[in-house]
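> with the sequence up front, the predicted model follows.
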Amino acid sequence: MSQVSDGSAWRAAQRALWLIFFNLGVGYASWLGWIPAFRQSLSLSHEDLGWVLLSAGVGSVVVFPLTQRWMLARGSLWVTRYATLAGAVVLPLIALGPAWGGTAGTLGLMLSLALAGAAGSVLDVGMNAQAVWVEQQSGHSLMSRFHALFSLGGLLGAGGVMLAASADVPPWLHLTVVMGWSLLNLAWAWPRLLPVVAVRDTASASA
C-alpha cells in the first residue's frame, strides 16, 4: 500500500479520529451512568438488571459477522461514519424505556441497549482500522493516544451524568444533549476521515 504524499490528509484524519474515539467514550459513559436511575424507575431486581445489561453484549455479538462484510464491501470510512451516527442517535432512545415504565419499558430499554451495543461493536472495528492506517502513514506509534482519548471521554461522560443528576436533569434530556454534541463532532470529522479506497485497501490487507 502506498503512502499518502500529502501529510495534511492523514493529520486531519488523525484529529477526526481523536474526536471519534473521544465521542465513543462519552457516549458509553453517558448511558452507563444512568443505569442505577433506570433500575429504580423500572423496579428491576439485580437479576433483572443483569439480563437488561446483557442485551448490549448480545447486540454487539449478533452484529459482528456483518461487520467484516461491511468493512470489505464498504470500507472502514463508511463503517466509522455510519456506526458513529447510529451510536449517537440511539442515545436518547435508551432513556425512553425507563420513562415508559413497566414491562414495555424494560423491553424498550433492552432493545435500545442492544442497538447501542451493536453500533459500538461496529464502530470499534471501523475506527481502529482507520487508526491503524493513520499510524502507518505517520510512522509513529499512535494507538495509545487514540485509546487514551476514549478513556478521557469516558471520564468526562461520567462527570456529565453526575452534573446532570445533581441538577435534576432528566436522563432523556441529558442523553439528547449528548447526542447533539456527538452529531456536531461527527459533522466536523466526517469530511476529514480517510478516503474509502485507501481504507478499503487496509481492511482487505488485514483480513
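Cool, got the structure. All values derive from a computational prediction rather than experimental measurement.

> distance from the helix ranked longest in the chain to the middle of the chain?
Ranked by residue count under DSSP state H, the longest helix found in the chain is helix 102-138. What separates the centre of helix 102-138 from the centre of its chain is 5 Å, taken as CA atoms, centre = their mean, to the nearest Å.

> which parts of that helix are buried?
105-106, 108-135, 137 (16 or more other CB atoms under 10 Å). C-beta: built from backbone N, CA, C; applies to glycine.

> what's the average pLDDT for stretch 26-42?
Per-region confidence: stretch 26-42 scores 96 on mean pLDDT.

> end-to-end on it?
Start to finish, the residues bounding stretch 26-42 are 24 Å apart (CA to CA, to the nearest Å).

> distance from that stretch to the middle of the chain?
16 Å.

> distance of the residue nearest the centre of the chain from Leu42?
The residue lying closest to the centre of the chain (CA atoms, centre = their mean) is Leu24, at 3.8 Å. In this view, Leu24 and Leu42 are 26 Å apart by CB to CB, to the nearest Å.

> quick check: buried residues in the helix or strand following the longest helix of the chain?
For helix 102-138, the following helix or strand on the C-terminal side (DSSP states H and E) is helix 143-166. Across helix 143-166, burial judged by 16+ other CB under 10 Å covers 146, 149-150, 153-154, 157-158, 160-161, 164-165.
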